[in-house]
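[1] Can you look at this prediction? I've put the sequence above it.
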Amino acid sequence: SVFVPISFLPSTAGKLFREFGFVLAAAVIISSFVALTLVPAAGAQISLTSDAPRFGWLVGLGQRFAAIYGRALAHILNHPWGVGVMALVVAVLAGLTYTDLRQELVPSEDRGTLIVYAEGPDGVGLDYMQRQADEIEKILQPFVESGDILAAFNVIGRWDPNRIWLTATLAPWSERSLSEQDIIAQLRPQLAKIPGVRSSAFGPNSLNIRGGSRNGISFAITGGDYDALYNVARDLAERMDEPGNAFENAQISYQPTQPQISIQVDRRRAADLGVSLDDLSLTLRAMVGGEDLIDLNVFDQAIPIILEAKSQAITSPEDLQNLFLRTAGGDLVPLSSMARIVEEGIAAELDRVEQRRAIEVEADLAGETSLAEAVEQVRALSRETLAPGMGLVLMQQAATLEETSNDLLLTYGFALVIVFLVLVAQFESVSSAVVILLTVPFGLAAAVFALFISGVSLNIYSQIGLVMLIGLMAKNGILLVEFADQLRGQGYSVRAAVEEAAKVRLRPIMMTLISTVIGALPLVLASGAGAEARISIGWVIFGGLGLAGLFTLFLAPVIYLGIARFSRARDDVSGDVDRELGALQEEPAE
């Protein structure tokens, strides 16, 4: 009931929950079938005798623990208001701790691949960037010699002649002493010292979410005029690079430095000389880039006929001025007599975001800064620098983080509603469902404490674990509340019913907690490829469910004691089947 509906959520979170939800739901269905068929059949064939002589010490330990729990529970039920105050304090502390958690889309992962992106000034040639690439490879060479990097491959001129993409393959995890993050931390200060180029080292994330040029923060400033946007973006980037901020190596996409040759034609002079503008345009196209005249069809194949100048005819702007055009009278006049050649800088690209003019800004995250912290700082800086009429639009991972956070809040709410409706239908009682539902948030609070203690960030993997924790907490609550309702139906008072139910259900609840916590232990101790994702989920289950057991064993009985007294006890139907069978046996045969 929890995992199947959330599998239909949209966006990135929905794609992850879809696989997780369907697999877990199928596993629960199969295990339920086994529990209801194979386990009773096996139990009927196995003699269930006590192993007390062999495990007497273990039985004694269990009995002493149960006695301690019984005394503690009786004391707590005698002081329910004190427990309520403590629960409120725990809730407040969980809320404060939640705000201190590192929040990011995905944790920093060691994927065994390192990427260096470098960008030089507009207009530089491949030879210039080749020299810069050599400098980058010299910085990587010590890591190659130590065996941490196996090989490096670079591509110069991808998308633009002034860009470098270098991909380095790291040695297997067990064969190197440095992690990917350690290597990146050592590379960034050295790359920043290369003159004439801005470099950024980063590693790919496992989800490849809206992959931009690097794994940092990316956003766009939107407005109506590129010049005004450029001034604001440059000011904002300078502020982001100031010491003490959460950013490094901030870059803007709009740079009006791309060299361009502009031919400004004096139309009146051309008309006086009798030169047609069409002839002038055709001459320039043919001499500079070539003019596609017509396609020649030969044996059902289209062969383009292109008019172009011979090789090396135009090698400089001065060569353009020496082009001659024929006038209406048949004379030849130079292009310089009617046109002026101007060299100017322009932007290589004019971006638009959400149908508005935009300039994109990218930056690396400094130190241990989380993506959520970087987003908050960008918004604070933008409020100080953006002019009226301008807007801030998050992009790439920052946009996905915001979208995923909103979707997960919807997921938690949806899961709680589904759990509540199913429990009401099963118990045929609203109060019993409310008791279980009120303990679930404290299980999430326990997971928040576990993440804070372990230092694990709140990311998309740990959030998956939180959703799973909702189902586990509901299951443990059902064990206690169901039996307490049955005891009330047999005539027990609310206090006696919940106290007896907690003592009897202590063993199965503890068995569930211990088995689940031990099962999550390998995730906590994971290493190698993908360990960061497994650790995030593991700590939520290992630490969260371990602490949540206290809420199930102590808080749930107090909540039941306070709420169940306002509901009618369930009718005891345990003897109905025996009475009906006895009545059938007494009827005379026809």
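    Looks like it arrived, so ask away. Keep in mind it's a predicted model, so treat the numbers as computed, not measured.
[2] averaged over its residues, what pLDDT does the lengthiest strand in the chain have?
    For the chain, the longest strand by residue count, based on DSSP state E, is strand 356-365. Taken as a whole, strand 356-365 has a mean pLDDT of 83.
[3] Could you look up the next helix or strand downstream of it?
    Counting by DSSP states H and E, the element after strand 356-365 in chain order, helix or strand, is helix 371-385.
[4] in that next one, what's buried?
    Within helix 371-385, the residues scored as buried using 16 or more other C-beta atoms under 10 Å are 371, 372, 373, 374, 375, 377, 378, 381, 382, 385. In short, each C-beta sits where N, CA and C put it, glycine included.
[5] thinking again about what came up before, give the other helices and strands that the longest strand of the chain contacts.
    strand 217-223, helix 226-240, strand 247-252, strand 351-353, helix 371-385, strand 391-395 (3 or more C-beta pairs under 8 Å, 6 or more residues apart in numbering; DSSP states H and E).
[6] any idea how far residue 558 is from residue 438?
    Distance of residue 558 to residue 438, given as C-beta to C-beta, to the nearest Å: 10 Å.
[7] Just want to know which of these two has more residues nearby.
    Taking other C-beta atoms under 10 Å, residue 558 and residue 438 do not tie; residue 558 has more neighbours (24 against 18).
[8] Could you report the neighbour count for residue 158?
    For residue 158, using other C-beta under 10 Å, the count is 11.
[9] Spit out the contact partners of it.
    For residue 158, the contacting residues are 164, 165, by C-beta atoms under 8 Å, 6 or more residues apart in numbering.
[10] picking that back up, okay, now the sheet partners of the longest strand of the chain, with direction.
    Applying DSSP bridges, strand 356-365 is found paired with strand 217-223 (antiparallel), strand 247-252 (antiparallel), strand 351-353 (antiparallel).
[11] and it, how far out from the chain's middle?
    Its chain's C-alpha centre lies 20 Å from the corresponding centre of strand 356-365 when counted by C-alpha atoms, centre = their mean, to the nearest Å.
[12] same deal with stretch 170-186?
    With C-alpha atoms, centre = their mean, you get 23 Å for stretch 170-186.
[13] Against residue 460, how distant is the most centrally placed residue in the chain?
    Geometric centre of the chain, nearest residue: residue 105, 2.8 Å, by C-alpha atoms, centre = their mean. Counting by C-beta to C-beta, the gap from residue 105 to residue 460 is 6 Å.
[14] now do residue 543
    Taking C-beta to C-beta, one finds residue 543 at 18 Å from residue 460.
[15] for residue 287, same thing?
    56 Å.
[16] Look at the two and report which has more neighbours.
    Shown here are residue 287 and residue 460; by other C-beta under 10 Å, residue 460 has more neighbours (23 against 19).
[17] among the helices and strands packed on strand 356-365, which is the most enclosed?
    Of all the helices and strands packed on strand 356-365, strand 217-223 has the most neighbours on average by mean count of other C-beta atoms under 10 Å, namely a mean of 23.
[18] for the record, mean pLDDT for that strand?
    For strand 217-223, mean pLDDT rounds to 85.
[19] What segments of the stretch 301-450 of the chain are strands?
    With strands called from DSSP state E, counting those that start in this stretch, the stretch 301-450 of the chain shows them at 301-307, 324-326, 332-334, 339-346, 351-353, 356-365, 391-395.
[20] in the longest strand of the chain, what counts as buried?
    Under 16+ other C-beta under 10 Å, the buried positions of strand 356-365 are 356, 357, 358, 359, 360, 361, 362, 363, 364, 365.
[21] ok, so of those residues, who is nearest residue 75?
    Checking the buried residues of strand 356-365 against residue 75 with C-beta to C-beta, the nearest one is residue 365 at 49.5 Å.
[22] right, and that closest one touches residue 245 too?
    No. Counting by C-beta atoms under 8 Å, residue 365 stays clear of residue 245, with 10.4 Å between them.
[23] Can you name every helix or strand that whichever strand or helix holds residue 141 contacts?
    Using DSSP H and E, residue 141 maps to helix 126-146. If you count contacts as 3+ C-beta pairs under 8 Å, 6+ apart, helix 126-146 packs onto strand 113-119, strand 149-156, strand 163-170, helix 180-192.
[24] same question for the first one, mean pLDDT?
    Yep, that's strand 113-119 we're talking about. Strand 113-119 comes out at a mean pLDDT of 84.
[25] Which of the helices and strands packed on strand 356-365 sits closest to residue 28?
    Of the helices and strands packed on strand 356-365, the one closest to residue 28 (C-beta to C-beta) turns out to be helix 371-385, at 32.7 Å.
[26] Give me the contacts around the closest one.
    Defining contact as C-beta under 8 Å, 6+ apart, one finds that helix 371-385 is touched by 102-105, 216-217, 219, 221, 232, 235-236, 239-240, 245-247, 363, 365, 392, 394, 397-398, 401-402.
[27] returning to what we had before: would you mind giving the buried residues of strand 356-365 as CSV with distance to residue 78 added?
    What follows is those, written out as CSV (distance: C-beta to C-beta, whole Å):
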residue, distance to residue 78
356, 65
357, 69
358, 65
359, 66
360, 63
361, 61
362, 61
363, 58
364, 58
365, 52
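[28] Among those, which one lies nearest to residue 512?
    residue 365 (40.0 Å).
[29] Near residue 195, how many other residues are there?
    Neighbours of residue 195 using other C-beta under 10 Å come to 6.
[30] which residues sit in contact with it?
    Neighbours of residue 195 in contact, by C-beta under 8 Å, 6+ apart: none.
[31] Same check on residue 178?
    Counted by C-beta under 8 Å, 6+ apart, residue 178 has contacts 143, 148, 186.
[32] next one: residue 166
    Neighbours of residue 166 in contact, by C-beta under 8 Å, 6+ apart: 115, 116, 117, 118, 133, 136, 137, 140, 152, 153, 154, 155.
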